[in-house]
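*Asks:* pasting the sequence and the predicted model now:
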Amino acid sequence: MRRVVKIGTSTTVTPEGQIDRKRLAAIAKGVAMLLDSGDNITLVTSGAVGVGKGLLNGRTQTPNMGRPALAAMGQIALMSAYQSVFHPLAVGQILVDHSHVSQPSSAMALQATLHHLWNVGIVPLINENDAISGAEQRIGDNDTLAALISSLVAADQLVILSDIDGLYTDNPATNPKATRVLTIPRVSLEHFGQFGDGNPGPWGSGGIISKLRAAHIAQGYGIETILAAGHDDTVWQRLIDQDYANFTRFAAQKEA
Ligand code: GLU
């Protein structure tokens, strides 16, 4: 199965702005399991801005740096951590902006690079090029980016790993009666008003609304989306077994 796995900032970075190496190591193990099962894997990973903030706070002088500069600082540390925890698997970084998914020649170049990496067993790690994306080049959040990449690579499935194990009928942190929705056959406009408060957490840009948007985009391309918890080590075997009972599954629209 061809999968695009999006890993959110809440999974890669601790609330203090440190890279969560233990978590990244668990992800490396999980990705190795998926590859061993015959999957084709592309990772879209967030965390550059959050790591950048953490690094900045560790310095004696803390100038007020903007998002691009924080990303420039954080991305290199994030990639270095991925490289070390994925070893002996090799990883390759690709930073993209809107033009890479919207302009045919750039999109083809991106596809070609991904194919080269897959062919030699290198795991692609994609992030938005936050360091230099101007307003008109920005995609804005990695859930959307991952959905666009899923379409570009004709993925069978988009997996979004977040701080929550699915989509709930209400915010489970404040409403104990909230229940997880097992399957969403078709994301509709009402879902956007119904679910969550859209809070993206301390460092990320996403929140549940951007996950719904990503699932909606993927559905439009006939790709299913799985929303699962990034801290759950059982996710990987369940994906291999196609056992989605513990997650929320947004069906591919062609099935609806
Ligand atoms: N590209 C951003 C980063 O690496 C994350 C965007 C998002 O949270 O969706 O920090």
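*Replies:* Nice, I can see it.
*Asks:* His231 and Asp163 touch, don't they?
*Replies:* Yes: with contact defined as CB atoms under 8 Å, His231 counts as touching Asp163 (7.4 Å). In short, each C-beta sits where N, CA and C put it, glycine included.
*Asks:* hey, what's in contact with both of these two?
*Replies:* Common neighbours of His231 and Asp163, counting by CB atoms under 8 Å, 6 or more residues apart in numbering, are Thr11.
*Asks:* tell me, how many neighbours does Asp36 end up with?
*Replies:* 9 (other CB atoms under 10 Å).
*Asks:* and if you look at the one 5 residues further on?
*Replies:* By the criterion of other CB under 10 Å, Ile41 has 20 neighbours.
*Asks:* swap in Ser102?
*Replies:* Count around Ser102 with other CB under 10 Å applied: 12.
*Asks:* now Arg2
*Replies:* Neighbours of Arg2 under the rule other CB under 10 Å: 15.
*Asks:* show me what contacts it?
*Replies:* So Arg2 contacts 39-40, 153-157 (CB under 8 Å, 6+ apart).
*Asks:* determine which two of these are furthest apart.
*Replies:* Every pair in these was compared (CB to CB); the two farthest apart turn out to be Asp39 and Ala154, at 14.1 Å.
*Asks:* and those two? Which one has more around it.
*Replies:* Taking other CB under 10 Å, Asp39 and Ala154 do not tie; Asp39 has more neighbours (17 against 11).
*Asks:* look up the pLDDT of the more buried one for me, please.
*Replies:* Looking at Asp39, its pLDDT is 98.
*Asks:* give me phi/psi at it?
*Replies:* Here is the backbone geometry of Asp39 (degrees, to the nearest 10): phi -70, psi 160.
*Asks:* ok, back up a step: quick one: buried ones out of the contacts of Arg2?
*Replies:* Buried members of the contacts of Arg2, scored by 16 or more other CB atoms under 10 Å, are 39, 153, 155-157.
*Asks:* now the residues you listed as TSV including distance to Asn175 and secondary structure?
*Replies:* Output for those, formatted as TSV (distance: CB to CB, whole Å; DSSP: H, G, I helix; E, B strand; the rest coil):
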residue	distance to Asn175	secondary structure
Asp39	36	coil
Val153	37	coil
Ala155	33	coil
Asp156	34	coil
Gln157	29	strand
